[in-house]
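Chemist: could you work out the structure for the sequence below:
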Amino acid sequence: MSMEVLRERCAALDISKRDVKACVRVPNPNGKGARSQEVRTFASMTIALLQLKEWLASEQVSVVTTEATGAKEAGVLPTRRRRFRV
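Modeler: The predicted structure is shown next:
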């Protein structure tokens, strides 16, 4: 028998050359067991990636997953790894 692990505060990033689309899912304060979701787009420039990091921290995100491999995520990963579990 396996157990499904649910993360209370998580994010998913879709990384492209021009931008990063981030989706954050957190508990909805208005309903027991309900989830709230918000999607934002950030440029792939350093200042925008720092804004992404601050947004994830303000939402108390603890786990982040990505939809990219190779060179596209090279500039994003160092910014995330310092604070979030990847």
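
Chemist: separation between the residue nearest to residue 7 when sequence neighbours are not counted and residue 17?
Modeler: In space, and not counting its chain neighbours, residue 7 is closest to residue 63: 4.8 Å by C-beta to C-beta, 6 or more residues apart in numbering. (Each C-beta comes from the backbone N, C-alpha and C, glycine too.) Using C-beta to C-beta, to the nearest Å, we find residue 63 at a distance of 25 Å from residue 17.

Chemist: who's more crowded, those two?
Modeler: Between residue 63 and residue 17, counting by other C-beta atoms under 10 Å, residue 63 is the more crowded of the two (14 against 9).

Chemist: for residue 55, what are its contacts?
Modeler: Shown in contact with residue 55 (C-beta atoms under 8 Å, 6 or more residues apart in numbering): 22, 24, 40.

Chemist: mind listing what's buried along the one helix or strand the second one maps to?
Modeler: Here residue 24, judged by DSSP states H and E, is contained in strand 19-27. Along strand 19-27, the positions that meet the burial threshold by neighbour count (16 or more other C-beta atoms under 10 Å) are 20, 22, 24, 25, 26.

Chemist: where do the strands sit along this structure?
Modeler: Ranges of strands in the chain, per DSSP state E, are 10-15, 19-27, 35-43, 63-66.
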